Each structure stands twice: as structure tokens, then as C-alpha cells.
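Novice: everything below, folded, please.
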Amino acid sequence: MIQLTQKERTLLEDQKKHEQICIEKYTNYANQTQSPQLKQLFQSYAAQEQNHYDTVNQILSGQVPNLNQSQQQASGQQQIAANASQSATNMLRYFSFAVLSTFWGRNHQSDYPGNKPDGARGF
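Specialist: Modelled structure (predicted):
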């Protein structure tokens, strides 16, 4: 059984609150998104935060946390998160390219010499 000082207990209680906030935020984000990849990513992050929360609770109750079980769960969740993150990154790259292409096409047409009125100078 773990014996905690008052300062350690206070710090762990504070950490527990932070983990709970993260769980709520990631769960909320997962519920708001329309993207299946982002939903999976946020759900994976929420599950990781739940593992952290459970570990802090174990320590606060005087138990030594089972890190092997947490590591196995985290490993599976990391794989899910990596796949979802790659999909989300690809989506963001595509979206950024589309937005920039549209922006460049609309706002920089006058940058081409053939698009300037006679005598106009461009910088």
C-alpha cells in the first residue's frame, strides 16, 4: 500500500481534475465532429485520458497501479490514434491545398503580366 503525503495527495487530486476535464473535452469533440476519422481520434484520446484518470485513482486509494495492463491498452489505442491521426492529417493537407489554390486563383490573378492593364506596374 502506498502512503502519500498531504502535498502528494493534493497534487494527485489536482491532476485527477485535469484528467477529467480532458476526458470531457475529447468526448465533446468526438460528439461534435462529422468526420469518422476525427471522431475515432478524439475517442482514442478520451480513452487514454480515462486510463490516466483511473491510474491516479488507484494511487489515491493506496494501490500500486497495474502499468502492464495500462501499457497494453495504451498500445492498442496508440495504433488507433496513429491511423486516425494520419487520416486527419491527409484531410487537412487536402483541405489546405484546396483553400490555398482557391485563394491564390481569386486574389492573385492580377499578378500575372497578361492580366495587368496597359502601363500598370505590379510588385
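
Novice: you'd agree Ala46 is up against Thr27?
Specialist: Yes: assessed by C-beta atoms under 8 Å, Ala46 is found in contact with Thr27 at 4.9 Å. In short, each C-beta sits where N, CA and C put it, glycine included.

Novice: shaky segments in this structure?
Specialist: The model of the chain has pLDDT under 70 over residues 69-78, 80-123.

Novice: quick one: the helices in it, in order.
Specialist: In the chain, helices defined by DSSP state H lie at 6-32, 36-60, 67-107, listed in chain order.

Novice: now do the first one: which elements does it pack against?
Specialist: Counting contacts by 3 or more C-beta pairs under 8 Å, 6 or more residues apart in numbering; DSSP states H and E, helix 6-32 is packed against helix 36-60.

Novice: number of nearby residues for Lys7?
Specialist: 8 (other C-beta atoms under 10 Å).

Novice: likewise for Tyr45?
Specialist: 22.

Novice: list phi and psi for Pro65.
Specialist: Backbone torsions of Pro65, given as degrees, to the nearest 10, read phi -70, psi 150.

Novice: also Asn66?
Specialist: Main-chain dihedrals, Asn66, degrees, to the nearest 10: phi -80, psi 90.

Novice: measure it to Asn51 for me?
Specialist: 11 Å (C-beta to C-beta, to the nearest Å).

Novice: over to Pro36?
Specialist: Going from Pro36 to Asn51 by C-beta to C-beta gives 23 Å.

Novice: looking at those two, which is more packed in?
Specialist: With neighbours defined as other C-beta under 10 Å, Pro36 and Asn51 compare such that Asn51 has more, 17 against 10.

Novice: any idea how far the more buried one is from Tyr45?
Specialist: 11 Å.

Novice: what's the answer for Asn57, then?
Specialist: Distance of Asn57 to Tyr45, computed by C-beta to C-beta: 19 Å.

Novice: kindly report the same for Gln79.
Specialist: 13 Å.
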